[in-house]
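[1] Next come a sequence and a model predicted from it.
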Amino acid sequence: MSVRVRMAPSPTGFLHIGGVRTFLFNFLFARQSGGENRLRIENTDTSREVAEATGHIQESLRWLGIEWDGPVTFQLDRMDDCRRVAQELVAAGQAYEDEGAIRFRMPDEGATAWDDVVRGRVEVPNETIEDLVLVRSDGRPTYNFASPMEDVWDGITHVVRGDDHISNTPKQINIIRAVGGEIPVYAHVPSIFGEDGKKLSKRHGAVGIEEFRDAGYLPEALLNFLALLGWAPDGETTIMSRDELVARFDLARVTPSPARFDYAKLDWMNGVYLRALPPEEFAHRLVVWLGEHGYEWDSQLVAAAAPLVQEKISRLGEFPGFAGFLFEDVEPDPAELDGGGPMLAAAIEALEGLEPFAAEAIEAALRAAAERLELKPRQAFQPVRVAVTGSRVSPGLFESIDLLGRETALSRLRRAAAS
RNA sequence: GGCGCAUUCGUCUAGUGGCCUAGGACACCGCCCUCUCACGGCGGCGGCACGGGUUCGAAUCCCGUAUGCGCCUCCA
């Protein structure tokens, strides 16, 4: 039997990073076993936001490279089928009416057990499971009824979901048994916490996929990072492409304990991916990101500046703060110039008639000026850097002056020298 | 409270009875490189939750305790 899994988000607005990790595991598992990965929107509400949220979910998944097979399905569309099955269960004595709702008759004796791919055997005494509501008094089926029914109807072979569903599993197994369906294999993957060990929420930082995108993370880096939360191919390998992940992923090796989301490690990994990009590709991504985030900067200049920052930033979103001086005027803090007056004057003189006005020649001229003033390179260049870039931290100084052009560079130097 | 799940450096993890005086990565610290920052190189700090067993031998198996988390909703 061919593997078929499903990703089942509820359309609550944005795609949570924790849910995405679970979806990623579904995707990796399906791909490597040559099976199918379905996308099913689980909502029992008919809210207006559904269409919009569904769009966001699909867009985020696509951006990350998590693909699904077949059409997107909606729990909503199977309400009638659920109601019909509930009636049949009532007729068969396996469910009963209760104040307008329909409740499932759970077995009272024995235990319900399953062999979880991630956790091993899990057993729950049946006496501890309540008779759960299948259909609400307003006619809508509940999640714990609709979800297993859809798994049966869709021929889902493996249910890979968050471990917050462990307690639901025995209920769903009993329902599937009652309707004579095939019990899927269950794999409950651990949840993801924030850095404080609490449920990951907005106060920890970005949690929605779109927020990561806006911050300038690369989808392939985020995907790689997510895959390593709760799973590792061995103790050594950390950087893996999507294809490598597909090839090496092993559901049975997923750890059962929850992981904390380490933003610092994500930043590091994103930097690794950024640096590994061919220079033209890096420039292209930078231009695109800036364009999508409201910056109307000359793309030629952005592309020219890209090589200066590729090794220095770990997120595309750091570019404006780091290299914005190339596109907008700066206001250096005079205090940061500390005692650089003589060097500024020397720099102005060195650059005024310099030919060619290019990085290499600029460097030679400024170094010569520093030497004449008997200043160490570090002492000499900091005031110049502050004057030209407005900051003590910047891309390479000579390349920056080159890109800025003689006129702009000189006017900034003169203004700083006069202050 | 009941039921369930989890517990290796600060974090992500390797480890499935001897290869472990526990390995890697991020973070942190130091040194080197260096026009700042970063990159890179080298080195360092740091962990098997606790207590009992089983065994010649336990991070690895069993029991208990503690802590955390999930569910117990006509939420998903």
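    Now that the structure is in, tell me what you want to look at.
[2] okay but residue A:359 is in contact with residue A:398, surely?
    Yes - using CB atoms under 8 Å, residue A:359 is in contact with residue A:398, at 4.5 Å. Using the backbone N, CA and C atoms, a C-beta is placed for each residue, glycine as well.
[3] who has more neighbours, the two?
    residue A:398 (20 against 17; other CB atoms under 10 Å).
[4] and the helix or strand containing residue A:90, anywhere near RNA strand B?
    In the assignment (DSSP states H and E), residue A:90 maps to helix A:79-91. No - Helix A:79-91 stays clear of RNA strand B (CB under 7 Å from any atom of the strand), getting no nearer than 10.4 Å.
[5] try stretch A:411-419
    No - Stretch A:411-419 stays clear of RNA strand B (CB under 7 Å from any atom of the strand), getting no nearer than 14.6 Å.
[6] Quick check: mean pLDDT of that stretch?
    In this model, stretch A:411-419 has a mean pLDDT of 92.
[7] go on, stretch A:333-342?
    Confidence over stretch A:333-342 (mean pLDDT, whole number) is 84.
[8] Now do the buried residues in it.
    A:336, A:337, A:340 (16 or more other CB atoms under 10 Å).
[9] which residues touch the residue nearest to residue A:142 when sequence neighbours are not counted?
    In space, and not counting its chain neighbours, residue A:142 is closest to residue A:133: 5.4 Å by CB to CB, 6 or more residues apart in numbering. Neighbouring residues of residue A:133 by CB atoms under 8 Å, 6 or more residues apart in numbering: A:98, A:101, A:102, A:103, A:104, A:142, A:145.
[10] Emit the PyMOL select command for whichever of those are buried.
    In PyMOL, this line selects whichever of the contacts of residue A:133 come out buried by 16+ other CB under 10 Å:
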select buried, chain A and resi 101+102+103+104+142+145
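[11] Get me the contact residues on the stretch 301-419 of chain A for RNA strand B.
    The stretch 301-419 of chain A has residues A:311-312, A:363, A:377-378, A:381-382, A:385, A:392-399 near RNA strand B, with proximity defined as CB under 7 Å from any atom of the strand.
[12] just to revisit the earlier point, show me what the residue nearest to residue A:142 is bridged to.
    In this entry, residue A:133 is beta-bridged to residue A:103, by DSSP bridges.
[13] for RNA strand B, what are the nearby residues on the stretch 101-250 of chain A?
    Counting by CB under 7 Å from any atom of the strand, the residues of the stretch 101-250 of chain A that sit close to RNA strand B are A:101, A:119-120, A:122-125, A:128, A:130, A:132-133, A:136-138, A:140, A:142-144, A:163-168, A:190-191, A:193, A:195, A:197-199, A:228-232, A:234-236, A:238.
[14] In helices only, show me those.
    If you go by DSSP state H, these have A:143, A:144 in helices.
[15] Which ChimeraX command selects the buried ones in the residues of the stretch 101-250 of chain A next to RNA strand B?
    Applying 16+ other CB under 10 Å to these, the buried members can be selected in ChimeraX as follows:
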select /A:101,119,122,124,132,133,140,142,143,144,163,165,166,168,190,191,193,228,229,230,231,232,238
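[16] So which of the residues of the stretch 101-250 of chain A next to RNA strand B sit within strands?
    A:101, A:120, A:122, A:123, A:124, A:125, A:133, A:193 (DSSP state E).
[17] The fifth one and residue A:258, how far apart?
    Residue A:124 sits at a distance of 20 Å from residue A:258 (criterion: CB to CB, to the nearest Å).
[18] same thing with residue A:25?
    Counting by CB to CB - residue A:25 and residue A:258 are separated by 14 Å.
[19] If you count surrounding residues, which of these two has more?
    Per other CB under 10 Å, whichever of residue A:25 and residue A:258 has more neighbours is residue A:25, with 25 against 17.
[20] Assign that one to helix, strand or coil.
    Classification of residue A:25 by DSSP: H, G, I helix; E, B strand; the rest coil places it in helix.
[21] low pLDDT regions in chain A?
    Scanning chain A for pLDDT under 70 picks out A:1, A:45-50.
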